[in-house]
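> Here's a sequence, model it:
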Amino acid sequence: MDDLEKAIIFSFESGDSALKSQAVEYCRQIKETPSICSICIEKLWFCNVVQVQFWCLQALQDVLSVKYGSLSLDEQSYVRKSVFSMACLEVIDNENAVRVVEGPPFVKNKLAQVLATLIYFEYPLIWSSVFVDFMGHLSKGAVVIDMFCRVLNALDDELISLDYPRTPEEISVAARVKDAMRQQCVPQIARAWYDIVSLYRNSDPDLSATVLDCMRRFVSWIDIGLVANDAFVPLLFELILSDGLPDQVRGAAAGCVLAMVSKRMDPQSKLTLLQTLQISRVLGLVSGDAESELVAKVSALLTGYAVEVLECHKRLNSEETKAVSMDLLNEVLPSVFRVMQNCKVDSTFSIVQFLLGYVSTLKGLPALNEKQLLHITQILEVIRIQICYDPMYRNDLNSLDKVGLEEEDRMSEFRKDLFVLLRTVGRVAPELTQHFIRNSLANAVESTSERNVEEVEAALSLLYSFGESMTEEAMKTGSGCLSELIPMILTTQFPGHSHRLVALVYLENITRYLKFIQENSQYIPNVLGAFLDERGLHHQNVYVSRRACYLFMRVVKLLKSKLVPFIDEILQNLQDTLSQLTTMNYASRELSGTEDGSHIFEAIGLIIGLEDVPAGKQSEYLSLLLTPLCQQIEAGVQQAKVANSEDFPVKIANIQFAIVAINALSKGFSERLVTGSRPRVGLMFKQTLDVLLRVLIAFPKVKPLRSKVTSFIHRMVDTLGSSVFPYLPKALEQLLADSEPKETVGLLVLLNQLICKFNSALREILEEVYPVVADRIFDVIPGNVNEAEAANEEIRERIELQRTLYTFLHVIATHDLSSVFLTPKSGAYLDRMMQLLLTSSCNHKDITVRKACVQIFIKLIKDWCAKPYSEEKVPGFQNFMIETFATNCCLYSVLNKSFDFTDATTHALFGEIITAQKVMYEKFGNAFLMYLMSKSFPEAHIPQDLAEQYCQKLQGNDIRGLKSFYQSLIENLRVQQNGGHVFR
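Model (predicted):
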């Protein structure tokens, strides 16, 4: 053993030693020597160490792939002849020669890849006889036949198959190779396949399977007549149906038939081929062991066949061909359904797409016949089986651990298309679908199998999904057997109800079909029972009980006044739940977020907030709920003040939950009720607001509390109306204290709500608040921000603050409160506000912001400029609007080529700019026109005649004509000046 052989063996050893590194480096150096091809060929002939053989073949492949063009003709010829001799067992004059083709599979595959690389570069121009020469050696037996198949497979893998991404060069070479093979040798190869399989089917079934697998790869691009003929087709079906042969051979034959079936051709030829196959011969094979290789292969064949028949039915239009294709489809469908229900379906076959395609053929039919109705039933059974969870995940899904969460997410995604199919079937055969669901539910209830949890869940999920496509009217009237189904689920004790999945889908179903309950109020006690007992809010699984809180709130929203007679019963049943939620330490809560249990307070608020509830009872109910919540907040504030750093977040979270609960509770009470007929209720909410404002005083810098209290103030604005006014100064003072950009956004949103609700009544409060807000905001809002800066969280918050500020200024201006900007305290910020609005109206990236800024200017002109020539209310404002705004925003920003007239939003902005010009003329008169004519238009190189026409249009009453003329003017200027203007 020489140094190279030793180095190769060391380089293949596992681990990472210094000796291995030296060996790898030595091998790399040898690989770079000019004589590497000769070295490798010699080793392949005389070294029987498989690592050395593999390394030499890999080295040859690398050299050919990278340096083929730089090899001399002699070197190319030497490699070609040597490698071909090894593959074909050609004898050389040395008794010590090694037979590489008798080595392990990985060595033979690498040899095949080397030959495929040579074919890539040399066939057919240099080495035109490679395939013909190779076939001359097939008589040597199994070893050479096996090698020939490996070469063809390698050629498919490395060059021809489109299952892998190919470069344009590879696609071109593949076309060259395939064209040459078709002309020269494909018929001979096909004949060889037939002869070899016929000869070796019994004596060497593994070889026969290898040849058939090789043939399968080539069917897609060779002449179909070479394989779909009177010789091959009978042979293939004979192999498939031969019980005495191994599954490997039978499955390989099925794979060849599938390749024929799937080959691209015109639909009429395809239909003829499908007819001649007489596929019915193999239908019975799928009833065997679902896990066997043969059943898997035949299943793939039948599903592939069904897809092609369906495609022919879609593409052929004559009555005769449609009848033929439908007959073939009807023949194979029962077996296809059996495959879908019992076997592992090939990954390339989409069950849903195929079944949707089949169902679509039934849509236009006036009525379904018996066979079609049977197929629909089988489709529904396929859906039911497919959507069933695997029992092995039952415990994981119940506790919703990591494994359970992943499985639920996977199934949720997997089920989407199946539920689309269910609803499609439901539209084609609604009554049959409902009957199937009813029977599925009945069977699941009676089932004693170990899968009953999964079966009940699947049946309930079918009912839930089916409801998605039902009209409101159909739900109300209990269309079909729905009037039987809904009472059935309300009065049935389902097996597995203690499992999270069953309990959740059960409650979701009741919620989905509430329209039926609404029309059939006799079932309301059943609905309440489902939610209030251990099936819902008292379920042992916290995920169910919390979800039940939310769903119960939806039930209450719909049924509302129908629940008034049951209020005492509801509150009595909820007493322990409410007590638990109001006393539970946040650290012990198992769920947080949207399903933290707070929805139950909203549900109760919606019921007790109804005017149908007697006033005395209403106050009593509300007091029973608000008092412990307020006590929880007050106690939490005291505890948080003395809590250590570890306990502090928990105490704050407890306060936070109580505020959320109060907020949810208040949603059921209208302003009319609280401020009109039931003032005592209003007083209770005012007292509660006072408690919550003390939270802000105690913890002004705790962001979650600020957010929740702000949210509650929003609610109280809607609930208490103007009686909230005495609380606003204190509230706003606390919210303004030390607020960061994110909190300031929340404050501005609150102010916007207050202005929109109370209009000018808010003037005094706003005059005090605006200067503080302006002082806080103008210093922190950003200017132009690039993309890199926008990725910064702090910058993003400030951008959001800027956007909210525009809305705030717009709301002030459009609610007749612009005088707020002119008070002595606010005057210091007027110039900064005007510059911000100007800049934004000209070049903000968001067109809607630009439009809002222009609208603000229009309103300010109307408010601050009574009429032409009158004394200025705001000194310098008129000059600013004429000389700066009109020129920069109304002219130059529109001239910029980024101003896209074809965009609807931009066109709306343009309309506001036209309105602004019209208002400026109405308020500023000739001063506006004179500046345009003497200064703005000449600087923009607008011809005198066009400028005069503009002025005439501006003085007229035709706004649409003015807009059209100005757009035309701008577009002509852009053409003449190539959009070269920039903003000043």
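
> Only C-alpha atoms, please: export stretch 140-152 in PDB.
Output of stretch 140-152 as PDB, limited to C-alpha atoms (Å, rounded to 0.1, in the frame of the first residue of the first chain):
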ATOM      1  CA  LYS A 140     -22.400 -10.700 -20.200                       C
ATOM      2  CA  GLY A 141     -25.100 -10.900 -17.600                       C
ATOM      3  CA  ALA A 142     -26.500  -9.200 -14.500                       C
ATOM      4  CA  VAL A 143     -23.400  -7.300 -13.500                       C
ATOM      5  CA  VAL A 144     -23.200  -5.300 -16.800                       C
ATOM      6  CA  ILE A 145     -27.000  -5.000 -17.100                       C
ATOM      7  CA  ASP A 146     -27.000  -3.500 -13.500                       C
ATOM      8  CA  MET A 147     -24.200  -1.100 -14.500                       C
ATOM      9  CA  PHE A 148     -26.000  -0.100 -17.700                       C
ATOM     10  CA  CYS A 149     -29.100   0.800 -15.600                       C
ATOM     11  CA  ARG A 150     -27.000   2.700 -13.100                       C
ATOM     12  CA  VAL A 151     -25.500   4.800 -16.000                       C
ATOM     13  CA  LEU A 152     -29.000   5.600 -17.400                       C
END
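
> what about that stretch, distance to the chain center?
Its chain's average C-alpha position is 48 Å from that of stretch 140-152, according to C-alpha atoms, centre = their mean, to the nearest Å.

> Mind listing what's buried along it?
Val143, Val144, Ile145, Asp146, Met147, Phe148, Cys149, Arg150, Val151, Leu152 (16 or more other C-beta atoms under 10 Å). C-beta: built from backbone N, CA, C; applies to glycine.

> okay, among those residues, which ones form the most distant pair?
Val143 and Leu152 (15.5 Å; C-beta to C-beta).

> Determine the three-state secondary structure at Glu534.
coil (DSSP: H, G, I helix; E, B strand; the rest coil).

> if I pick it, what's in contact with it?
Gln540 (C-beta atoms under 8 Å, 6 or more residues apart in numbering).

> So, low pLDDT: which residues of the stretch 451-600 of the chain?
Filtered on pLDDT under 70, the stretch 451-600 of the chain yields the residue ranges 451, 583-595.

> swap in the stretch 251-400 of the chain?
290, 343, 345-349.

> quick one: the helices in it?
For the stretch 251-400 of the chain, the helices defined by DSSP state H, counting those that start in this stretch occupy 267-277, 293-315, 319-342, 351-362, 370-387, 394-399.

> out of these, nearest to Ile570?
Per C-beta to C-beta, nearest to Ile570 of the helices of the stretch 251-400 of the chain: helix 394-399, 28.1 Å.

> now the angle between helix 351-362 and the next helix or strand along the chain from that closest one, please.
Counting by DSSP states H and E, the next helix or strand C-terminal to helix 394-399 is helix 402-428. Following axes from the mean of the first three to the mean of the last three C-alpha atoms, to 10 degrees, one obtains 10 degrees for the angle between helix 402-428 and helix 351-362.

> Now do the buried residues in helix 402-428.
Across helix 402-428, burial judged by 16+ other C-beta under 10 Å covers 404, 407-408, 411, 415, 417-419, 421-422, 424-426, 428.
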